[in-house]
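Enquirer: Below is the structure, and that's it, no one-letter string:
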């Protein structure tokens, strides 16, 4: 028995609406690698204005961008993901996104207090407890097939007379003007004042070597 479609009777599905996908493959910060493709499928049919945009079980996938396994010093592992667009039967795509692209174990305040309590007890009764605390390994992020992933539709779906319109937001228009600073930026180094160049001293005059005429004798 196939899942029932979402009871959406509105003619518009607003931007950032949430849908559920079910993972078909596992994700682990210990074994997954960057570049891996994880398969998943749509849990419930996507219906807008009484029209089925995508049926239940429609295939989709996400790309693993980066991973880091758990390490000592109680460092937790994580997985960075990118959700690929959902392809429709007519060749169009619906852009998808997630609230946070980094998946990692949830470190609650209760867990932190429990670890602190265990460290205190170990310091009292366990020899070399400090060394154990340093070498203690954090937890890896692991999800198995069947886990549900909350995904957001990064477009507005509108039912029209001819079909379903997919309206994506306009790209952000970045200004090409230089932003005006509210304060005057100081230079990295204070420039020295320009002093007038020193006067140029020429070579001393050369004496005349031509002998002067001797006076004539007096009669």
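Expert: Here it is on my side, so go on. Because the structure is a prediction, the values reported are computed rather than measured.

Enquirer: what ranges do the helices span in the chain?
Expert: 109-125, 129-135 (DSSP state H).

Enquirer: and the shortest one, what's its mean pLDDT?
Expert: Computed over helix 129-135, the mean pLDDT rounds to 53.

Enquirer: just stretch 71-90 next, same as before
Expert: Over the span of stretch 71-90, the pLDDT mean works out to 91.

Enquirer: what about that stretch, how long is it end to end?
Expert: End-to-end distance of stretch 71-90 (C-alpha to C-alpha, to the nearest Å): 46 Å.

Enquirer: what sits against residue 159?
Expert: 11, 12, 48, 49, 50, 51, 165 (C-beta atoms under 8 Å, 6 or more residues apart in numbering). For glycine as for every other residue, the C-beta is placed from the backbone atoms N, C-alpha and C.

Enquirer: make it 10 Å
Expert: If a contact means C-beta atoms under 10 Å, 6 or more residues apart in numbering, then residue 159 has 8, 10, 11, 12, 13, 47, 48, 49, 50, 51, 53, 165 as its contacts.

Enquirer: Among these, name the ones in strands.
Expert: With DSSP state E as the criterion, strands contain 12, 13, 47, 48, 51, 53, 165 from among the contacts of residue 159.

Enquirer: thought residue 44 was touching residue 18?
Expert: No: at 11.4 Å, residue 44 and residue 18 do not qualify as touching, with contact defined as C-beta atoms under 10 Å.

Enquirer: The two: which is more packed in?
Expert: Counted by other C-beta atoms under 10 Å, residue 44 and residue 18 do not tie: residue 44 has more neighbours, with 20 against 9.

Enquirer: Tell me what residue 159 is bridged to.
Expert: With DSSP bridges as the criterion, the beta-bridge partners of residue 159 are residue 164.

Enquirer: Please report how far residue 147 lies from residue 23.
Expert: Note on residue 147: its distance to residue 23, by C-beta to C-beta, to the nearest Å, is 5 Å.

Enquirer: Touching both of those two, which residues are there?
Expert: Once C-beta under 10 Å, 6+ apart is applied, the residues that residue 147 and residue 23 both contact turn out to be residue 40.

Enquirer: So the two - more neighbours on which side?
Expert: Neighbour tally, residue 147 and residue 23, criterion other C-beta under 10 Å: the higher count belongs to residue 23, 18 against 13.
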